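In: With the input below, show me the fold.
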Amino acid sequence: MKHLSLALALLLTLAPVGAQLVQQASKEDLIDKLTPPAPPTTRSLRNIAPKPVTVDLSIQFDFDSARLQSSSKPLLDNLAQAMNSERLSVLKFKVEGHTDAKGKPDYNQELSARRAQAVQTYLVSQNVAAERLQAEGKGASELLVPDKPLASDNRRVRISVNP
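Out: Below is the predicted model of the structure:
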C-alpha cells in the first residue's frame, strides 16, 4: 500500500498541469525550473518515464522578424547565468522557436527556426558554450494554447533539457 501511494504521488507530480509562459524569472528560478528531477530510488518505479524538463519563455521579437527586442534581454541574461551555474553547467539544451497558427505553415516554420537561432546566438554571446545548445523551429506544430491557435502565448521560445 505504501508503494502504491508513492507511485500515485509520483504520477501526479509528472502529470501536465497546464503550461505556463514565463515572462520574467531570476537566475535561481530558472535553475530550479531546468534542474532534472532525481531518478526514482525504488525498483517498482524505474519504468516510469519522467516528464521532460522544459520552460516556456515569453521572448519578444520585432514584428515578422527574428530580431530580439531589448525587453527580452534581461530574461535571456538570467537564462544564460542559470545555464552556466554549477547545477546546470553539464547539461545540454534545446532552444525551440514556436509561432501561433496565423500565416502559412512553411513561413511559420522558417520564422520559428530563425528566432530559435537568434536566441541561441544571444546565449552564446553570454558565454553559454555553443555545443551545449541546439536550435530548432517548431512553427505552429506545438501550440501552448491549442484551443486558441492565434493567441500570443503560442509565440514563444521553449528551453528544454536535451537528453
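In: May I have the secondary structure class of residue 135?
Out: strand (DSSP: H, G, I helix; E, B strand; the rest coil).
In: For it, give me its contacts.
Out: Counting by CB atoms under 8 Å, 6 or more residues apart in numbering, residue 135 touches 94-97, 113, 116-117, 119-120. (C-beta placed from N, C-alpha, C; glycine too.)
In: Same list (those residues) but as a markdown table, adding secondary structure and neighbour count.
Out: Output for the contacts of residue 135, formatted as a markdown table (DSSP: H, G, I helix; E, B strand; the rest coil; neighbours: other CB atoms under 10 Å):
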| residue | secondary structure | neighbour count |
| --- | --- | --- |
| 94 | strand | 18 |
| 95 | strand | 27 |
| 96 | strand | 23 |
| 97 | strand | 29 |
| 113 | helix | 18 |
| 116 | helix | 25 |
| 117 | helix | 17 |
| 119 | helix | 24 |
| 120 | helix | 22 |
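In: Would you tell me which one of these comes nearest to residue 34?
Out: residue 94 (11.4 Å; CB to CB).
In: hang on, isn't the closest one packed against residue 138?
Out: No - contact criterion CB atoms under 8 Å: residue 94 and residue 138 do not qualify, at 10.1 Å.
In: which residues do the two both contact?
Out: Joint contacts of residue 94 and residue 138 (CB under 8 Å, 6+ apart) are residue 158.
In: where do the helices sit along the protein?
Out: 2-14, 27-34, 73-83, 105-125 (DSSP state H).
In: For the first one, what does the pLDDT average out to?
Out: Read it as helix 2-14. The average pLDDT within helix 2-14 is 34.
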